[in-house]
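1. Sharing a sequence plus its predicted fold:
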Amino acid sequence: MLILVTYDVSTETETGKKRLRKVAKVCTNYGQRVQKSVFECRVTQAQKEELERKLLAIIEVTEDNLRLYRLVEPIDKYVKEYGNFRAVDFEKPLIA
């Protein structure tokens, strides 16, 4: 499944700045950054649950915001991209 992970971490304190870096690092292990605080991740149900657990262990729910969206398949029908960045097509080989 393809999910979109979005977050807004309060960076008013040093601990908030550390949380922001940790959240981004965890997301990088599961997908690709498509905007500053937005990641597209191709995961199994088990990986999604693991990712969610890891992120919830980092964020401060009284200060931060975390959202996970499941994108409807087929992606090319429902997701439109504009601008100079193109996400990696997870279905194609990474090496040509």
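-> Ah, there it is.
2. Can you point out the buried residues in the lowest-mean-pLDDT helix or strand in the chain?
-> Least confident helix or strand, the chain: helix 75-78 with a mean of 76, by mean pLDDT, DSSP states H and E. Buried residues in helix 75-78, defined by neighbour count with 16 or more other C-beta atoms under 10 Å: none. C-beta coordinates here come from the backbone N, C-alpha and C atoms, glycine included.
3. do stretch 10-30 as well
-> Buried residues in stretch 10-30, defined by neighbour count with 16+ other C-beta under 10 Å: 10, 19, 20, 22, 23, 26, 27, 30.
4. Which of those fall in helices?
-> 19, 20, 22, 23, 26, 27 (DSSP state H).
5. got a list of contacts for the least confident helix or strand of the chain?
-> Contact with helix 75-78 is made by 2, 71, 72, as judged by C-beta atoms under 8 Å, 6 or more residues apart in numbering.
6. Return the residues in contact with the first one.
-> This means residue 2. 40, 41, 42, 70, 71, 73, 75, 90.
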